[in-house]
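Enquirer: have a look at this prediction, sequence included:
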Amino acid sequence: QVQLVESGGGLVQPGGSLRLSCAASGFTFSNYPVSWYRQAPGKERELVATIRTSGGSTVYEDSMKGRFTGSRDNAKNTAYLQMNSLKSEDTAVYYCTVTRQKTAYWGQGTQVTVSS
């Protein structure tokens, strides 16, 4: 069955960096785009980035452009979200998702907390 497992979250100081991972199994990973979302307390889930099958990525919000980069390693069935220059407003649970055969699959999320 399709499984997505995020990791790499944690507590980081403002200005710091984290790299999140999304390990996939149960399907042909290289055939599908992967998206990252985040959800902050009391807010709706928002789209962060989409990583195309080719490995190129699009980061959607101006507040994240230039700081966040998506990538993937198809040999490892893993997608990544590199986050630099982190700010307190980046605090959220980060999720990866894949849509396969019209069904969206989500991981359990990984908590990112940016605080001094």
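Expert: In hand now; what should we look at? Numbers count the residues shown, from 1 in each chain.
Enquirer: show me where the protein has strands.
Expert: Taking DSSP state E, the strands of the chain run over residues 3-7, 10-12, 18-25, 34-39, 46-51, 57-59, 68-73, 78-83, 92-100, 103-106, 110-114.
Enquirer: export these to CSV and tack on mean pLDDT and mean neighbour count?
Expert: Every C-beta, even on glycine, is put in place using the N, C-alpha and C of the backbone. Formatted as CSV, the strands of the chain follow (pLDDT from 0 to 100; neighbours: other Cβ atoms under 10 Å):
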stretch, mean pLDDT, mean neighbour count
strand 3-7, 98, 17
strand 10-12, 98, 14
strand 18-25, 98, 19
strand 34-39, 98, 22
strand 46-51, 97, 19
strand 57-59, 91, 19
strand 68-73, 97, 20
strand 78-83, 98, 23
strand 92-100, 97, 20
strand 103-106, 97, 12
strand 110-114, 98, 18
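Enquirer: any idea how far T99 is from S21?
Expert: According to Cβ to Cβ, to the nearest Å, T99 and S21 sit 20 Å apart.
Enquirer: before we move on, what about D62?
Expert: D62 is 25 Å from S21, by Cβ to Cβ.
Enquirer: could you do G55 as well?
Expert: Going from G55 to S21 by Cβ to Cβ gives 15 Å.
Enquirer: what's the neighbour count on T53?
Expert: 13 (other Cβ atoms under 10 Å).
Enquirer: that one contacts S30, correct?
Expert: Yes: using Cβ atoms under 8 Å as the test, T53 is close enough to S30 to be in contact (6.3 Å).
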